[in-house]
Each structure stands twice: as structure tokens, then as C-alpha cells.
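Chemist: Return atomic coordinates for the entry below.
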Amino acid sequence: MSLPKFIFTALLAIQAGIVVTGGAVRLTGSGLGCPTWPECTDGSIKPVVNQSEGQLHAWIEFGNRLLAWVMLIIALAALVYIVKKLKNRSDFKHLRVLAILQILGFFGQVVLGGITVLTDLNPIAVSAHFVLTIPLIAGALSLRHRILDKPVLMVKSLTRNLTKIVTSLAFLVLVLGVVVTGTGPHAGDADVKRFPFDERTVSWLHADTVIALICLTLALYLVVKSSETQEVQKVFGGYVMVLIFIELAQGAIGYVQYFTGLPELVVGAHLLGAVLVWMSAWRINLTGRGAKKEVN
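Modeler: Numbering: from 1, shown residues only. The predicted structure is shown next:
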């Protein structure tokens, strides 16, 4: 594997991994496994033997914190690579800004992580912690897409507009999913404050938005198949089809977790699916970027 492929694939994987490990913290009740910040417990940056919160909870929470530091190291490596190797590219400034935002995102996550612990897992802080990760994943994928020369295709205005709507709706689906999570039972610790919403109502709203997303993604696929060139149909249409399959699988998992009482493993799979939906949606946004002028 080449150096740029390793760096920018690792950056994307770690950004996604932070979401998954953060979910593990919440689902295992380890949200206060490290009850202080920035230390894990008084007098120690890492878990200690016989810690009252329990070794398992402490190490799960500490592992999530540690992964964020690994992300910082990879983001710094990405910035160094861009500055050293890509300074002659026409999009150098844009790439440099994207890399710097990854680094700033780390500090934002650190601050939000501290607020989350210090407010005893207030759902607003927990939700903000996840919402910040959404643009960070998008930024990491954008860097990988640009630097590894992934396809950027000329598409018609209708395709581009539908792509923007699908991507925006995917973001809204994730945000509503965060609201459902902040209202539901898996809070990360016992007796933690939750959003004061009706759990069934917010779940239905989230599900209805998912259905709308699936329908609009299907519409996008039909538009691509009926109006775009063979190349766009093959590459871009293929990416859209992948997104449809992920959305359908994610929707199925969502209904399973709802009707089975939110078992931890199924909720974890749903969290991973949310990351895959967003990555797939952002990939089509990156790929169908061109705007073709239509001639009457």
C-alpha cells in the first residue's frame, strides 16, 4: 500500500472508528468509566487497578479517548504529506484547509468530550460529540477522494440537485437518529438525564425521514439511468445503488432494534450502519460534482 493511500485511508477509518467505539462506550454503560477529565481518574491519565468504576468500563472509555489521539497523529501526518508532496497542485490550499480542519476537529472533540464527562453525560453534549464527527468523516473522505484521484464526473443539473438533496437528507437522518438515541435507554450510565421527548414520536419521525431518503435515492438512481452517459451510469449509478442497499439494510436493522427492545448488539450494528450511510452519501456528493450545461 502506498504512503498516501495508507495515511488517508487510516484517517477515514479512525474517524469512523471513533463513532463505533463511542457507541461501545454508551452501550456498555461505560460513559463515566473515566469519571474525570482530562485525567481518567484523580491522579492518573489512564485507568488504575481497583478503580471504583470497574476496569472494563474504565478501559472502554479510555480506549475511545486514546483513539482520538491516534486520529490527531494521522491528521498531522496528512497535513505534513500535503505540505511536503502536494504543494504544486492547483487544489493545494483546499487540501491544506481540509487537513487543518481535521486537526481542529480533534480539539473540538476533546473539548466536547470534557464537557460530556463534566456534565455527567448530558444528552446535548453527547449529541454534539457525535454531530461534530459527521463533517469530520466527510472531510476525511474528501481528502482521500481528491488525493487518491477518485472519479469526479460531469452530471446534469437534475442529477446534481437530487444528489445535494439526498446528501442533505442523509445528514438530517443522522441528526434525528442522535435525537432518538438521546431520548432512548442507552445513555452510557445509569440515571443519566435524557431528552424530554416522547421516544415513540421521535422514532417514528426518524423512520419517516429514512423512508423519504430511500425514496429520493431511488429517484436519483432512475434519473441517472434514464438521462446520464454510460460512464456516469456505470460509476455514479453504481455508487447510488450501493447507497440504496446500505439504506435498506440500515432501515431493516432500525426496525429490528425497535421491535426487539433495543438490544445492544443490534443498536451497535445500527450505529455502524449510520456511518456507512453517511460515507456512501458523501461519496456520491464528491463523485457527481460537475455541472453540465444543457443546450436547448
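Chemist: List the buried residues in whatever helix or strand G17 lives in.
Modeler: Secondary-structure element containing G17, defined by DSSP states H and E: helix 3-27. Under the neighbour-count criterion of 16 or more other CB atoms under 10 Å, helix 3-27 has 4, 7-8, 10-12, 14-19, 21-27 buried. All C-beta atoms are positioned from the backbone trio N, CA, C, and that covers glycine.
Chemist: got it, and stretch 119-132?
Modeler: D120, L121, N122, P123, A125, V126, S127, A128, H129, F130.
Chemist: Adding distance to T181 and secondary structure, write those residues out as a markdown table.
Modeler: Putting the buried residues of stretch 119-132 into a markdown table (distance: CB to CB, whole Å; DSSP: H, G, I helix; E, B strand; the rest coil) gives the following:
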| residue | distance to T181 | secondary structure |
| --- | --- | --- |
| D120 | 17 | coil |
| L121 | 12 | coil |
| N122 | 13 | coil |
| P123 | 8 | helix |
| A125 | 13 | helix |
| V126 | 8 | helix |
| S127 | 8 | helix |
| A128 | 13 | helix |
| H129 | 11 | helix |
| F130 | 8 | helix |
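Chemist: now those in JSON lines, with distance to I165?
Modeler: Below are the buried residues of stretch 119-132 laid out as JSON lines (distance: CB to CB, whole Å):
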{"residue": "D120", "distance to I165": "38"}
{"residue": "L121", "distance to I165": "34"}
{"residue": "N122", "distance to I165": "33"}
{"residue": "P123", "distance to I165": "29"}
{"residue": "A125", "distance to I165": "30"}
{"residue": "V126", "distance to I165": "29"}
{"residue": "S127", "distance to I165": "24"}
{"residue": "A128", "distance to I165": "25"}
{"residue": "H129", "distance to I165": "27"}
{"residue": "F130", "distance to I165": "23"}
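Chemist: the strands in this protein, which residues?
Modeler: 154-156, 290-292 (DSSP state E).
Chemist: tell me the mean pLDDT over the last one?
Modeler: Taken as a whole, strand 290-292 has a mean pLDDT of 55.
Chemist: how about the spatially closest residue to V178 that is not a sequence neighbour, what does it touch?
Modeler: Using CB to CB, 6 or more residues apart in numbering and skipping residues adjacent in sequence, the residue nearest V178 is S127, 4.6 Å away. Counting by CB atoms under 8 Å, 6 or more residues apart in numbering, S127 makes contact with V178, V179, T181, G182.
Chemist: Top of those by number of neighbours, please.
Modeler: Highest neighbour count within these: T181, with 26 neighbours (other CB atoms under 10 Å).
Chemist: which residues touch it?
Modeler: R26, S127, F130.
Chemist: hmm, back to that, list just the nearest of the contacts of S127 to L220.
Modeler: Checking the contacts of S127 against L220 by CB to CB gives V178 as the nearest, at 24.5 Å.
Chemist: Show the pLDDT at the closest one.
Modeler: 91.
Chemist: Quick check, it in contact with V131.
Modeler: Yes - V178 lies in contact with V131 (CB atoms under 8 Å); the separation is 6.2 Å.
Chemist: So which residues of the chain form helices?
Modeler: 3-27, 55-85, 92-118, 123-147, 157-183, 199-227, 230-259, 264-287 (DSSP state H).
Chemist: Same list (those) but as CSV, adding distance to P47.
Modeler: Formatted as CSV, the helices of the chain follow (distance: least, CB to CB, whole Å):
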stretch, distance to P47
helix 3-27, 13
helix 55-85, 4
helix 92-118, 14
helix 123-147, 20
helix 157-183, 26
helix 199-227, 33
helix 230-259, 30
helix 264-287, 22
